[in-house]
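[1] got a predicted model here, sequence first, then my questions.
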Amino acid sequence: MDALLHQMFSGLANGCIYGSVALALVMIYQATHHINFAQGEMATFSTFIAWALMQAGWPYWVAFFATVAISFLGGLLVQRIILRPVEKAPVLTNVIVFIGLLVIFNSLAGWIFEHTIKAFPSPFPQKSVLATKFFTSHDVGSAAVMLCVLGLLYAFFRFTPIGLAMRAAAQNPDSARLVGIRVSWMLAVGWGLAAAIGAVAGMMVAPIVYLDPNMMSGILLYGFAAALLGGIDNPGGAVVGGFIVGVLENLLGAYVIGTELKLSVALVLIVGILTLKPDGLFGKQVVTRV
Amino acid sequence: MSRLLEARGLGAAYGATQVLFGIDFALDAGRITAILGANGAGKTTTLRAICQTVRTSGSVEFDGQQLVGKATESVVRMGVAHVPDGRGTFTALSVEENLKLGAYVRRDRAEVVRDLDKAYARFPRLAERRHQQAGTLSGGEQQMLAISRALMLRPRLLLLDEPSFGLAPLVVAEIFRIMHRINAEDGVTMLLVEQNASLALDLAHHAYLLETGRVALSGPADEIKRDETVRRTYLGY
Amino acid sequence: MTPPRRSKAYWIAIALAAVALLVLPFLVKNYRVFQFNLVLIYAIAVLGLNILTGFNGQISLGHGAFYAIGAYAAAVLMDRAGMPYWATLPVAGLLCFALGYLMGFPALRLGGHYLALATFALALAVPQLLKYKKIEGLTGGVQGIVLAKPEPPFTFRFLDQPFNADRWLYFFTLAVAALMFVLAWNLLRGRIGRALIAIRDHPIAATAMGINLPVFKSMAFGVSAAFTGVAGALGAICVAFVSPDSFTVFLSITFLVGVVVGGLASIPGAIFGAIFIQFVPNIAGDISKSAPWAIYGIFLIGLMYAMPTGVMGMLGKLRGRWRPGAAPASSKG
């Protein structure tokens, strides 16, 4: 029973991270109808930046927020400079550009920071009142951070004018222009936010899996599964999907298929959802009366 | 009477297909002008040309500023609100969110709230459904929402593309009554594109008739209404 | 569309090229021959991917999986079942055809980026699947399987170089590659090729014209997988080694680079693409381990801006008179 609870709590903690990656994917999908294959590599690169800042002596939280800001700016610039020219191009062209981005971020990380595995500090002390036999204080801490991020995002989109404008631009760019929204800047901001979320997810996960250029590839897969499970156009669904995937991964890994095949769980989920229920669990069907 | 907008040699094309062939027209401030014509005459394109959502050539001067070559968002910020064909509502957002978006570019928060209340007063049915998803509204309600959203801009020029389209006659009559009131009370300059020529001529002060991308004739609305030959030849009634 | 009339000069050039190809392995050292073998093998793999993605518009980011299946099929059959190396090729081809055809069914419902996502997921999961302990007896687990390079059926010396295993494999691979290219050319230039392109560019119109979309798309997947599977088998034979970490998602991306650089929907382009992906890592790898991938990334993005039709498209534009394949229509996917 203890072991089961441990797996579940750990799964939920992981689920926060998968949910955040999924959320970043959903945000970009909603705005651009493209899947950001480079999401994982961008997050890894951001984590390397944080690592470098800390190596240079910056305190953890200063480096943390600096990295989030840099990542936001980076994501915004990537959209403005690299993606805007191919916005209207066919899907295949966009997919190829995204893969190109994946490859560039991955190789840049390897080039600048080398391929040796690095330790990444956790801001949450090992021995703390939060830690129990079911979860470490890092589990709790990172879950809290991710939930904070998700809460801030929700508030941003729900209650601020620019959040509303971004939602409008994602749903109906033509109408958005007609109310004066600069749609292409909204896309850029969306990318910036997605990159920032990815950075936070990377920094939360690095203490557990250690930092190297390929750190996020498995996590990205879980993020895809979570996003699809929740409905690729549903941000709330992405978060819920993340929790489900996190718990499933751990339970199936521990009791059914063994830990070595965990990635296959994600693969089966992805192919299964796409084949059987492409809208996911909560994919929104917007009601329109003709 | 001052001229709010003056178009000279306005051409527009979709890709390689030219739709407007250098038309001239002018809008008087505070008046309602109608553009009439058959399907494919270029009426909708004319509105899009003003908003710069289609490739244009020639000149469109709005209160002294050239519109051709500007981004749509910039034209809107100059005070041009467009109610497109098909309403263009944000169907996944609520009624209130749609209205708020109409005022997106405005900085005067207090006035925006006042305009919001005014919109609800003018269209009580919108007030009833303020938190409902816009896509669940009926056609007539969506048209009211679209017009209200455009008015939230406090526009100097209101463009309306086929407001009667797909609506029951009673609803259409109500909407046209409201449009008349908006012009009369708030002095909003309107440019109206309509298939329903008789309704349009009843509402408008001035009218242009387009035929395959060119201005066939123009004049005061009541003159055109009275001219039987024009009515039968061009307007089919 | 009738092929352009070929002049005498064209055929003389072809003959010279053929002679050059036959003499080449004796002009260079062993290691270069090995590299040329890989070029031929990658050319087949890239051609396979091109059939699916270039001609038929179904985006696969997971063709490395078929390569891996073909490679492991050959390795297992040779090592565990003692099958002669040349016999493994048709088996690998058929196996991958069947799997690819089956993949066609879920793929039918998945357009554009969803299919890319599903195949990307497959590519990411492959190394882990290959390392699975329960099938270690078959696959050799993390260590993989070491094979013996096939010896040539006879030996001689030519131009002071021995006719050894690598050189024998060169001719073997060349023959297989020639066969597969001719096969692809026959398949794609006629009605089938036009149907595939029609499905890519105007799927609704294609259905209306009576093209059986599900069958064609599954067949395209199957044939594409078979080509890449055969390449995988050849790869296992020539490299004489398979291990799970040789078949990561980066292999799938490498093939995609080959397709993009060589030219989408171009058969000869597969050769240019293969040369690119074989030699860029060699040259750029000296600068840094990561440099080749940075170059790949820049080429992927840069080509999408500048030359969406790849090297072959550029050559075609320069030459003017001969249009290779048919580049994808620029309609929204």
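    Done, it's in.
[2] what about the closest residue to residue B:123 other than its chain neighbours, how many neighbours?
    Nearest residue to residue B:123, sequence neighbours excluded (C-beta to C-beta, 6 or more residues apart in numbering or on different chains): residue B:144, at 4.7 Å. For the C-beta atoms, the positions are set from N, CA and C on the backbone; glycine is no exception. By other C-beta atoms under 10 Å in any protein chain shown, 25 other residues sit near residue B:144.
[3] so residue B:144 makes contact with residue B:124?
    No: in this structure, residue B:144 is not within contact of residue B:124 by C-beta atoms under 8 Å, at 10.0 Å.
[4] quick one: low-confidence ranges for chain B?
    Chain B contains residues with pLDDT under 70 at B:1, B:237.
[5] list the contacts for the residue nearest to residue B:123?
    By C-beta atoms under 8 Å, 6 or more residues apart in numbering or on different chains, residue B:144 lies in contact with B:123, B:125-126, B:175, B:178.
[6] looking at those, which has the most residues close by?
    residue B:126 (24 neighbours).
[7] my guess is that one contacts residue B:140. True?
    No: Residue B:126 is not in contact with residue B:140 according to C-beta under 8 Å; the separation is 10.9 Å.
[8] next one: phi and psi at residue 85?
    Since no chain was named, I'll use chain A. Main-chain dihedrals, residue A:85, degrees, to the nearest 10: phi -60, psi -30.
[9] that was the other one, I meant chain B.
    Phi and psi for residue B:85, reported as degrees, to the nearest 10, are phi -70, psi 140.
[10] quick one: residues contacting it.
    Contacts for residue B:85 (C-beta under 8 Å, 6+ apart) come out as B:44, B:161-162, B:165, B:193.
[11] of those, closest to chain A?
    Chain A lies nearest to residue B:161 out of the contacts of residue B:85, by C-beta to the nearest C-beta, at 10.8 Å.
[12] was I right to think the closest one contacts residue B:82?
    Yes: using C-beta under 8 Å, residue B:161 is in contact with residue B:82, at 7.4 Å.
[13] the more surrounded of the two?
    residue B:82 (28 against 23).
[14] just the helices from the chain, written as ranges.
    Assuming you mean chain A. Taking DSSP state H as the test, the helices found in chain A are A:2-32, A:39-55, A:60-77, A:91-113, A:137-159, A:161-171, A:173-178, A:183-209, A:217-230, A:235-255, A:262-276.
[15] other chain: chain C
    Applying DSSP H to chain C gives helices spanning C:8-27, C:30-49, C:63-80, C:85-109, C:112-130, C:136-139, C:165-189, C:191-201, C:203-208, C:213-239, C:249-262, C:269-284, C:291-306, C:310-319.
[16] okay if I get these as JSON lines plus mean pLDDT, mean neighbour count and distance to residue A:245?
    Output for the helices of chain C, formatted as JSON lines (pLDDT from 0 to 100; neighbours: other C-beta atoms under 10 Å in any protein chain shown; distance: least, C-beta to C-beta, whole Å):
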{"stretch": "helix C:8-27", "mean pLDDT": "84", "mean neighbour count": "12", "distance to residue A:245": "51"}
{"stretch": "helix C:30-49", "mean pLDDT": "92", "mean neighbour count": "24", "distance to residue A:245": "30"}
{"stretch": "helix C:63-80", "mean pLDDT": "92", "mean neighbour count": "26", "distance to residue A:245": "22"}
{"stretch": "helix C:85-109", "mean pLDDT": "88", "mean neighbour count": "20", "distance to residue A:245": "20"}
{"stretch": "helix C:112-130", "mean pLDDT": "86", "mean neighbour count": "24", "distance to residue A:245": "13"}
{"stretch": "helix C:136-139", "mean pLDDT": "79", "mean neighbour count": "15", "distance to residue A:245": "27"}
{"stretch": "helix C:165-189", "mean pLDDT": "89", "mean neighbour count": "18", "distance to residue A:245": "40"}
{"stretch": "helix C:191-201", "mean pLDDT": "81", "mean neighbour count": "20", "distance to residue A:245": "33"}
{"stretch": "helix C:203-208", "mean pLDDT": "81", "mean neighbour count": "13", "distance to residue A:245": "32"}
{"stretch": "helix C:213-239", "mean pLDDT": "91", "mean neighbour count": "26", "distance to residue A:245": "28"}
{"stretch": "helix C:249-262", "mean pLDDT": "92", "mean neighbour count": "27", "distance to residue A:245": "19"}
{"stretch": "helix C:269-284", "mean pLDDT": "89", "mean neighbour count": "21", "distance to residue A:245": "34"}
{"stretch": "helix C:291-306", "mean pLDDT": "88", "mean neighbour count": "20", "distance to residue A:245": "29"}
{"stretch": "helix C:310-319", "mean pLDDT": "58", "mean neighbour count": "18", "distance to residue A:245": "38"}
